[in-house]
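Chemist: Give me coordinates for this.
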Amino acid sequence: MSVPDQRVALWHMPHLAASFRMMGGALLASLVALLPVGTFGWFNAGPNGLVSGLLGAVTVIAFLGGGTPIQLAAMGQGSHQAVGLVLVGYVSRVAMLGLVLGALGPGRSHWNPDVNSAVVGIVLTSVAWIAGLVITHSRTRIPVFDTEYRAPARDGD
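Modeler: Numbering: from 1, shown residues only. Okay, here's the model as predicted:
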């Protein structure tokens with residue numbers, strides 16, 4: 001038995017507020033991670049390391065944050081369309097990320113980024129984003145059950 005595809009207006013989704021709250025928690029955790037990323041970059045390679053680390057961090061925030069509106073819009077579509085839309089969003093963001101990183105790679109631009117600082121920025125910001133999502137989701141208190149249990153009516157009640 002299959003579930004019929006039903007389109008739902010985005011503003012009628014009950015989980016929308018929780019999604020925005022989780023996105024805010026992830027963004028806040030990522031912004032907090034900018035301080036250790038910048039500090040590592042500065043001590044690792046000076047101003048070039050600082051810029052490289054922060055560029056890696058900002059790239060992660062743009063990558064992960066940019067996909068959230070696509071996923072929220074996909075939730076309002078039917079099940080097949082939603083999966084397709086989310087997958088196309090991920091593939092296009094990964095392709096754009098690869099193009100940006102390839103264009104800024106060593107020897108390909110006038111600027112020579114510090115690879116270690118960029119990798120630390122990417123990894124630390126990714127971990128902070130996921131930690132922010134998990135912490136915010138655990139504090140959201142999303143109900144597990146739809147309604148309180150009510151016993152079925154018996155004959156004669």
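Chemist: in the protein, what spans have low per-residue confidence?
Modeler: Low-confidence segments of the chain (pLDDT under 70): 1-15, 72-73, 75-79, 104-106, 109, 142-147, 156-157.
Chemist: helix or strand right after the lengthiest helix in it?
Modeler: Secondary structure of the chain per DSSP state H: the longest helix is helix 16-75. Where DSSP states H and E defines the elements, the next helix or strand beyond helix 16-75 is helix 79-103.
Chemist: Show me what that following helix is packed up against.
Modeler: Contacts defined by 3 or more Cβ pairs under 8 Å, 6 or more residues apart in numbering; DSSP states H and E place helix 79-103 against helix 16-75. Every residue, glycine included, has its C-beta placed from N, CA and C.
Chemist: Direction-wise, compare the helix it packs on with helix 79-103 and give the angle.
Modeler: Relative orientation of helix 16-75 versus helix 79-103 (axes from the mean of the first three to the mean of the last three Cα atoms, to 10 degrees): 90 degrees.
Chemist: Which strands and helices lie in contact with helix 16-75?
Modeler: Counting by 3+ Cβ pairs under 8 Å, 6+ apart, the packing neighbours recorded for helix 16-75 are helix 79-103, helix 115-140.
Chemist: I am finished for the moment; much appreciated.
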